[in-house]
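Novice: model this:
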Amino acid sequence: MSKIVFATGNPNKISEVNDLLAGHFEVLGLTDIGCPLDLPETSPTIPENALQKARYVYENYSVDCFSEDTGLEIEALGGEPGVFSARYAGEGKNAEDNMNLVLRKMEGETNRKARFYTVIALILDGKEHLFEGIAEGTIRNERSGTAGFGYDPIFQPDGFGVTFAELTKAEKNAISHRGKAVRKLIDFLASLNN
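Specialist: Next comes the predicted model:
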């Protein structure tokens with residue numbers, strides 16, 4: 001089975017993607033190649049951040065790799081937290097603090113529309129490819145559920161009466177932004193073997 005490096009140190013993301021790529025690729029994380037876990041993320045957009053991280057790994061470790069960047073975009077907040085989702089409440093990347101800040105800013109707001117936006121940047125044999133995934137939904141007034149990670153306890157996907165944090169991993173992967181982007185990545189990689 002071919003190996004590919006997922007340019008992240010987030011074990012939750014690696015686990016989700018490993019489940020989706022099972023049987024296609026063995027996914028390695030940054031620790032597997034001796035790369036520092038905190039890659040540069042200084043670009044102003046989600047696609048550029050994803051490319052920045054993938055380019056760093058490709059240029060410094062000479063391995064085929066992919067990276068992803070995800071943002072929660074809330075309509076009533078003008079698209080915030082967006083590219084700053086992981087660090088919304090500070091550099092500590094604390095999910096509880098991030099959710100608290102969102103809930104505080106959304107107090108009394110009737111427009112709860114939001115979406116998760118993911119971009120995967122793949123560098124394969126030096127060529128760059130981008131794959132997008134979007135999950136539309138709403139922001140809950142309070143947390144619900146214990147599964148998942150990040151903003152999952154306050155994000156309710158359209159068509160569901162529960163949050164991402166109340167779905168099983170398989171249920172979430174079937175409809176999530178990251179799941180959609182990874183399936184596009186899988187389809188692309190599979191097309192290379194035909």
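Novice: If you tally nearby residues, what's the number for F25?
Specialist: 20 (other CB atoms under 10 Å). To be clear about C-beta, it is placed using only N, CA and C from the backbone, and glycine gets the same treatment.
Novice: my bad, D125
Specialist: The burial count for D125: 6, using other CB under 10 Å.
Novice: Which residue ranges of this structure form helices?
Specialist: 11-21, 46-61, 95-105, 169-175, 177-192 (DSSP state H).
Novice: I154 contacts V162, correct?
Specialist: No. Applying CB atoms under 8 Å as the test, I154 and V162 come out as separate, 11.9 Å apart.
Novice: Give me the common contacts of these two.
Specialist: S144 (CB atoms under 8 Å, 6 or more residues apart in numbering).
Novice: the more surrounded of these two?
Specialist: I154 (27 against 13).
Novice: now, of the helices of the chain, which is deepest in the fold?
Specialist: Sort the helices of the chain by mean neighbour count, taking mean count of other CB atoms under 10 Å, and helix 46-61 sits at the top with a mean of 19.
Novice: Which secondary structure elements does that one sit against?
Specialist: strand 65-74, strand 113-124, strand 127-139 (3 or more CB pairs under 8 Å, 6 or more residues apart in numbering; DSSP states H and E).
Novice: I'd like the helices of the chain as JSON lines, with distance to G137 and mean pLDDT appended.
Specialist: Shown next, in JSON lines, are these (distance: least, CB to CB, whole Å; pLDDT from 0 to 100):
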{"stretch": "helix 11-21", "distance to G137": "17", "mean pLDDT": "78"}
{"stretch": "helix 46-61", "distance to G137": "17", "mean pLDDT": "95"}
{"stretch": "helix 95-105", "distance to G137": "13", "mean pLDDT": "96"}
{"stretch": "helix 169-175", "distance to G137": "10", "mean pLDDT": "91"}
{"stretch": "helix 177-192", "distance to G137": "10", "mean pLDDT": "87"}
